[in-house]
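Enquirer: Need the 3D shape of this:
(one chain, ligands or ions: 2)
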Amino acid sequence: MKFTAQNRRLPRRVCALAMTFVLLLGAVTFAFAGGVMGTPDGEWNNNLIHRVNLGVSPTNFTFYLTEEREQFSFEILFSAQKSEADFYGKILTATLSGLDYDYLSWTPSGIASTPYSPKNAVLPVEDGVARTWSWYASYTFTADKAEIYNLSFDIRFVSGKNLENAEEHLLSVPITVSVVDKRGLRPAITEAEKITSFEYYTDASVARYNAALASARALLEDTAVVSQVQLDAAISELNASVSSLTYKSADYTALDAALKRVPSDLSDYSPASAKRVTDAVNAVDRTKRIFEQDSVNAMTQEINAAVDALVVQNFRLILPEDGSYTLNEKSGYITDIPDDAAELTGLTANFGDVSVTPSANGIGTGTAINIVYKGAVVKTVYVSIPGDIDGDGDADNADFLMIMNASVGIIELSSAQAAAADLNGDGAVDAIDAATHQLTYPS
Ligand SMILES: [Ca+2]
Ligand SMILES: [Ca+2]
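Expert: Ligands and ions are numbered 1, 2, ... in the order given. Below is the predicted model of the structure:
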């Protein structure tokens, strides 16, 4: 037989002293006096001119099922108080309906010297003092599942100023008995307690787990009234907190740094070396957990290695955007440079540095613009200005003479010079170009 804290019988002496509070402050106290309070049947106040209080306490019980099938007991304290002497009253029956209980026992209590059973209790008229009588009704029932019993404690009694006008009344007091199935709590806690190492889990998920476990353990201690809904929610939350324990992520700091080294444009690299980089980037897996750091380190290493192994395939000279240089895409020569330039500035390359090697006569046709990458000249673009053959940047009589000499085979021109000398663009340097030079660049 098990008792919860709230229905465990108090020592009789304490009960007697506490009776006034039960009646005045108890969960259910009904005062019967002419026209004072509403009543269940709406009629019974009419013949009452003297006061009696009926008390029923408590009206809520909660039991916790922890075994396959358990027997529970509870007590209802039923009190009748006659507050005035000139009064007749008699309790006929007091029954509890709605519960299949095993047995019932009545125990008289309170300050009455004579033990009355409520089935035949008479509130005497002759003693002339206010009195209180009370009885404990003890019920025992068995349960094997969660249940809420909505019961009715029905009191039939007669009351009145005297026997002649006493009438019968019925008072029905709702009693709730809840059986909460606690059997799932212990296994859930036991299962949760199997987790003993938390270093790999995120702080947030561990905090949730700890809170859920603490709540479940508190419920197991049976220190507070808890409903089936609350209990089920606690079990559910505990299970959820276990399954949602989340591993910390691996450290991706070095990998992020490696990714920043990857060029945004891979089109100037050899396809094979660019593909290695692309493959390494595509292979990045952000879901690795704290104990999989080696895997992340390997990804990082491959990205860095692939970037280091990139092979540049296309070197390009980059001209200033102000139009001061003109590159003939067809011939590949720089055909226009700033006037009277003493040096060529503002030129860059997509990779490496730019160095300029002037022609024998300065900045002009034949001047070499070199792209230097990793200490080596990887590409050279020449200046070839139409009409300037000697390379000083101007088209004048000295250049005309060189075209004349070249046209008859006295001198040989470099390819940049030949391009500058072939003024009619027919692919040959001859007298026609010389004549054209004289007309175009008169001295
Ligand atoms: Ca010249
Ligand atoms: Ca020509």
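
Enquirer: What residues of the strand or helix carrying Pro187 count as buried?
Expert: In this assignment (DSSP states H and E), Pro187 forms part of helix 185-192. Under the neighbour-count criterion of 16 or more other Cβ atoms under 10 Å, helix 185-192 has Leu185, Ala188, Ile189, Ala192 buried. Heads up, the C-betas are built off the backbone N, CA and C, glycines and all.

Enquirer: do the same with stretch 316-330
Expert: Applying 16+ other Cβ under 10 Å to stretch 316-330 flags Leu317, Leu319, Tyr325 as buried.

Enquirer: so how far is the first residue of it from its last?
Expert: End-to-end distance of stretch 316-330 (Cα to Cα, to the nearest Å): 15 Å.

Enquirer: My reading is that Asp388 is in a strand; is that accurate?
Expert: No. Counting by DSSP: H, G, I helix; E, B strand; the rest coil, Asp388 is not found in a strand; it is coil.

Enquirer: Return the residues in contact with it.
Expert: By Cβ atoms under 8 Å, 6 or more residues apart in numbering, the contact set of Asp388 is Gly364, Thr365, Asp394, Ala395, Asp399, Ala420.

Enquirer: Just the buried residues out of those residues, in PyMOL syntax.
Expert: Of the contacts of Asp388, the buried ones go into a single PyMOL selection, burial set by 16+ other Cβ under 10 Å:
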select buried, resi 364+365+394+395+399+420
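
Enquirer: Excluding sequence neighbours, find me the nearest residue to the residue in the stretch 251-400 of the chain positioned nearest to ligand 2.
Expert: The stretch 251-400 of the chain approaches ligand 2 most closely through Pro386 (11.2 Å), counting by Cβ to the ion. Nearest non-adjacent residue to Pro386, counting by Cβ to Cβ, 6 or more residues apart in numbering: Ala420, 5.6 Å away.

Enquirer: Look at that neighbour and report its pLDDT.
Expert: Looking at Ala420, its pLDDT is 96.

Enquirer: Using CSV, write out the CA atom coordinates for whichever strand or helix holds it.
Expert: In this assignment (DSSP H and E), Ala420 forms part of helix 415-421. In CSV, the C-alpha atoms belonging to helix 415-421 read as follows (Å, rounded to 0.1, in the frame of the first residue of the first chain):
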residue,chain,number,x,y,z
SER,A,415,61.2,41.9,-87.7
ALA,A,416,60.0,44.9,-85.6
GLN,A,417,61.9,47.3,-87.9
ALA,A,418,60.5,45.5,-91.0
ALA,A,419,56.9,45.9,-89.7
ALA,A,420,57.6,49.6,-89.1
ALA,A,421,59.0,50.0,-92.6
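
Enquirer: mean confidence for the helix or strand following it?
Expert: As assigned by DSSP H and E, the chain's next helix or strand after helix 415-421 is helix 431-440. Helix 431-440 shows a mean pLDDT of 95.

Enquirer: so, in contact with ligand 1 or not, helix 431-440?
Expert: No. On the criterion Cβ under 5 Å from the ion, helix 431-440 is out of touch with ligand 1, staying 10.6 Å away.

Enquirer: chain center to that helix, what's the gap?
Expert: Centroid separation for helix 431-440 versus its chain: 82 Å, with Cα atoms, centre = their mean, to the nearest Å.

Enquirer: same for it, what does it pack against?
Expert: Contacts defined by 3 or more Cβ pairs under 8 Å, 6 or more residues apart in numbering; DSSP states H and E place helix 431-440 against helix 397-407.

Enquirer: For the residue nearest to Pro386, give me its contacts.
Expert: Contacts of Ala420 (Cβ under 8 Å, 6+ apart): Thr365, Ser384, Ile385, Pro386, Gly387, Asp388, Ile389.

Enquirer: which one of these sits closest to ligand 1?
Expert: Nearest to ligand 1 out of the contacts of Ala420 is Asp388 (Cβ to the ion; 4.1 Å).

Enquirer: And the pLDDT at the closest one?
Expert: 96.

Enquirer: and it, how far is that from His437?
Expert: Separation of Asp388 from His437 (Cβ to Cβ, to the nearest Å): 10 Å.
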